[in-house]
Each structure stands twice: as C-alpha cells, then as structure tokens.
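1. show me how the following folds:
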Amino acid sequence: MVASQFVRQEPVITALPPLADAVLSIVLEPLSHPALGEIRIEESLFAIGRTEQPFASFERSIVVELSRRHARIFCENDTVYVADLGSKNGTTVNRIAVREKPLALHEGDEICFGGALSY
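-> Here you go, the predicted model:
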C-alpha cells in the first residue's frame, strides 16, 4: 500500500514555486511478504528490479518474477507515478495493468510487481 506525503524542511519563500523545498516521502508497505518490511522512498526516482536495492537483498524465490529493470516510481510536478519498463511479468496498480505510460499513484493504492510483490 502506498503512503505518500511531502514534508517541508524550511518555510516556503513566496517567490519560489510551491513544494520547492519539500522532501518526497513515499512508503511502500509490504502486503505479500510483510516480513520484508516497508520501503521508504525519498528520492525523486526509484528503480524496481531484481538487481536493484533493496530487492537484490531479498531471497531469490521472492524476486524471481521481477525483471532486472522492472519498473520505476518517480515524482514529477508534485505527483507520484509508477511506470512499467517493459517487464516480462508486468506491474499492476489496484489490479489494473500499468504499461510504459506512467500512472499517477494515490495514497492507499496497491502496487504489484511481477504478480509476486505487492505493496
């Protein structure tokens, strides 16, 4: 399940665009394998794949359905998106297939990578 929020570090200067000083904070809460623990994303681009961290540290049996370059989560214009990178086993959001065209994410969405890892 996705939880996202923008956390301000300093007061906004009115001449700056909104959220210019904000830090992205996305939390992926594991649904399929709760023992893996949550994933915190604080960068504007996060790669999902069996050779990417933290997935590379998971047991092989858990990530076997992920492609090396499976998907990405990124922030653009204050919106968080997920895009599949042509993976073999796909990416879904709320059980709807995501292709290369980015799909906006919302708090509470369920993301599944490769039909095996749900957050």
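2. from now on I want contacts and neighbour counts done on CA atoms only, so please keep to that.
-> Will do.
3. ok, for Gly90, nearest residue in space, not its chain neighbours?
-> Leaving out its chain neighbours, the residue that sits closest to Gly90 by C-alpha to C-alpha, 6 or more residues apart in numbering is Gly114, at 5.1 Å.
4. who's in contact with that neighbour?
-> Applying C-alpha atoms under 8 Å, 6 or more residues apart in numbering to Gly114 gives the contacts Glu65, Leu66, Ser67, Ser87, Lys88, Asn89, Gly90, Thr91.
5. how close does it get to Asn77?
-> Per C-alpha to C-alpha, to the nearest Å, Gly114 is found 27 Å from Asn77.
6. again, but for Asp109
-> From Asp109 across to Asn77, the span is 19 Å (C-alpha to C-alpha).
7. then Ala83?
-> Using C-alpha to C-alpha, we find Ala83 at a distance of 16 Å from Asn77.
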